[in-house]
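Visitor: compute the structure for the input listed below.
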Amino acid sequence: MDKFNLDQEFQGLKEGNAAAGMPISPLVRARLDETYASLPEQPAGRRRKPQSKLRRLSSATAAAFVLGAGLFASGFVSPAMADSIKSIPLIGSLFSSIEGDIGLRNAGELGLASSVNSEVSYRDVKLEVTETVFDGSRAAFLLKVEAPNLKNGEFDTGKKKVKLSDAISNLTLTVDGKQQGDPGSILQGGYFTGAGEAHPDMLIFEEVFEASGSSTVPDTFTAEALLSLEGIDHEFKLDIPFKKTTEDIINVQPDALSANDELSVTVAELQSTPLTTRVHYSIALFNADTLTEKEEKRLNKIRLAVYDDQGRQLPALNGDGQYSANALSFDARYATTSGTTSYLLLKPFIVEDDFAETVEEKQFIKGLELKIELPVAK
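Guide: You can find the predicted model right below:
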């Protein structure tokens, strides 16, 4: 399988929006994952989440597309290095200061992060993984970079100065000898980005997992990460241990349905942890046995906005889905808001602005809202 090549597709978008002076927050590009879902010819891979906050598009076939992370996209397995993980939750976690992902911030504040001691050096460049967090479906780790040509998040490649997140030239993640897209792989997609202004020399990497065939997502595993930096003729290798630290997990299978004259929305399953909320849903078009290309594009512009019982919108992270017969099925991931909620409101809407974080009232599709009651976490 090819390494996660860093193509030039997103670079043009990044430069275009920078030139336009558009202010973009850490999660504002999440809609791009969904917009690019209609581009099945994209190769499998992991792309950086550059300064413009583009979340990577993962792999796809003519029948299915994957938006990884997807956020941080964008894999990891093998409990061989479990002893490298401290069993005591990390207090004062850097995840608690993450600006763009409330789910990761919750994990840091709740003491769900694990301290890790994994580092590698080449000449005067040092890479160090300091913290990880894993809730069973989404994992993240913090990578600190030390180099004489790195100052305040700006990396000198020898030819030009770029943001640290743009200096990553190649990245491959492997779990149990398998990369994303390999048979039996549990890796579903990922992305990476800068850790924010407070930590300019750090990066956040994320990966989404899914059981595949006979493969299950274990509670403890080690990921092998291979990456390169622009201007340095060397591939860095890191072994990163992970341990599931979340116990407050809600699983419901509501089989909830709402419909209007043209469309129906069905929610088959919903899972929520303090880190991630995952919704499996489908949107079907009435009076159609199969979807034309035009109808596929129409359904692909419909997404779910999710709100807790306080009216707070859960930030969209990434998702993957596929067309089947007259429907588009999705596995969508959101960052969980802080505290507890007794229910979630799922409100289908039409995507008008790929760069907008919030949804305006005019975008919602009338008659399709769903309310999912949530039990107490177990």
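Visitor: what ranges in the stretch 151-300 of the chain fall below the confidence cut-off?
Guide: The model of the stretch 151-300 of the chain has pLDDT under 70 over residues 211-214.
Visitor: where do the strands sit along it?
Guide: Under the criterion DSSP state E, counting those that start in this stretch, the stretch 151-300 of the chain contains strands at 154-156, 161-163, 168-175, 187-194, 202-209, 220-229, 235-243, 250-252, 256-259, 263-272, 276-285.
Visitor: so which of the ones you listed is nearest residue 98?
Guide: Nearest of these to residue 98, taken as CB to CB: strand 202-209 at 6.9 Å. (Each C-beta comes from the backbone N, C-alpha and C, glycine too.)
Visitor: could you pull out the helices for the stretch 251-378 of the chain?
Guide: 293-300 (DSSP state H, counting those that start in this stretch).
Visitor: looking at the strands of the stretch 151-300 of the chain, which is buried most?
Guide: strand 187-194 (a mean of 30; mean count of other CB atoms under 10 Å).
Visitor: correct me, but residue 201 touches residue 144?
Guide: Yes. Residue 201 is within contact range of residue 144, at 6.4 Å (criterion: CB atoms under 8 Å).
Visitor: follow-up on the earlier one: just put the strands of the stretch 151-300 of the chain in JSON lines and tack on distance to residue 127.
Guide: Converted to JSON lines, those look like this (distance: least, CB to CB, whole Å):
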{"stretch": "strand 154-156", "distance to residue 127": "13"}
{"stretch": "strand 161-163", "distance to residue 127": "17"}
{"stretch": "strand 168-175", "distance to residue 127": "11"}
{"stretch": "strand 187-194", "distance to residue 127": "13"}
{"stretch": "strand 202-209", "distance to residue 127": "9"}
{"stretch": "strand 220-229", "distance to residue 127": "8"}
{"stretch": "strand 235-243", "distance to residue 127": "5"}
{"stretch": "strand 250-252", "distance to residue 127": "36"}
{"stretch": "strand 256-259", "distance to residue 127": "45"}
{"stretch": "strand 263-272", "distance to residue 127": "33"}
{"stretch": "strand 276-285", "distance to residue 127": "26"}
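Visitor: and residue 297, which of those is closest to it?
Guide: Nearest to residue 297 among the strands of the stretch 151-300 of the chain is strand 276-285 (11.8 Å), distances taken as CB to CB.
Visitor: in the sheet, which strands lie alongside that closest one, parallel or antiparallel?
Guide: Partners of strand 276-285 in the sheet, by DSSP bridges, are strand 263-272 (antiparallel), strand 327-335 (antiparallel).
Visitor: distance from the first one to the middle of the chain?
Guide: The gap between the average C-alpha position of strand 263-272 and the chain average comes to 19 Å, counting by CA atoms, centre = their mean, to the nearest Å.
Visitor: CA atoms only: put it into PDB for me.
Guide: Listed next in PDB are the C-alpha coordinates belonging to strand 263-272 (Å, rounded to 0.1, in the frame of the first residue of the first chain):
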ATOM      1  CA  LEU A 263     -36.700  12.400   2.000                       C
ATOM      2  CA  SER A 264     -36.400  10.100   5.000                       C
ATOM      3  CA  VAL A 265     -33.700  10.000   7.600                       C
ATOM      4  CA  THR A 266     -33.000   6.900   9.700                       C
ATOM      5  CA  VAL A 267     -30.700   6.700  12.700                       C
ATOM      6  CA  ALA A 268     -29.600   3.100  13.200                       C
ATOM      7  CA  GLU A 269     -27.000   3.600  16.000                       C
ATOM      8  CA  LEU A 270     -25.500   6.200  18.200                       C
ATOM      9  CA  GLN A 271     -22.400   6.000  20.500                       C
ATOM     10  CA  SER A 272     -21.200   8.700  22.800                       C
END
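Visitor: so what touches that strand?
Guide: Here strand 263-272 makes contact (CB atoms under 8 Å, 6 or more residues apart in numbering) with 137, 249-259, 277-286, 302, 304, 336, 344, 346, 348, 365, 368, 370, 372, 374, 377.
Visitor: hmm, try it at 6 Å
Guide: Contact with strand 263-272 is made by 250-254, 256-258, 278-284, 336, 348, 368, 370, 372, as judged by CB atoms under 6 Å, 6 or more residues apart in numbering.
Visitor: cool, and stretch 230-245?
Guide: With CB under 6 Å, 6+ apart as the test, stretch 230-245 has contacts from 76, 81, 84-85, 112, 114, 118, 120, 122, 127, 129, 132, 134, 136, 139, 141, 157-158, 167, 169, 219-228.
Visitor: now the end-to-end length of that stretch.
Guide: End-to-end distance for stretch 230-245: 35 Å, by CA to CA, to the nearest Å.
Visitor: cool, stretch 283-295 as well?
Guide: End-to-end distance for stretch 283-295: 12 Å, by CA to CA.
Visitor: what's the answer for stretch 171-185, then?
Guide: Termini of stretch 171-185 sit 17 Å apart (CA to CA).
Visitor: and if you look at stretch 342-361?
Guide: End-to-end distance of stretch 342-361 (CA to CA): 23 Å.
Visitor: same check on stretch 279-293?
Guide: End-to-end distance of stretch 279-293 (CA to CA): 25 Å.
Visitor: run through who's touching that stretch.
Guide: Stretch 279-293 is contacted from outside by 262, 264-270, 295, 299, 302, 323, 326-332, using CB under 6 Å, 6+ apart.
Visitor: same list (the strands paired with strand 276-285) but as JSON lines, adding distance to residue 184.
Guide: Converted to JSON lines, the strands paired with strand 276-285 look like this (distance: least, CB to CB, whole Å):
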{"stretch": "strand 263-272", "distance to residue 184": "22"}
{"stretch": "strand 327-335", "distance to residue 184": "19"}
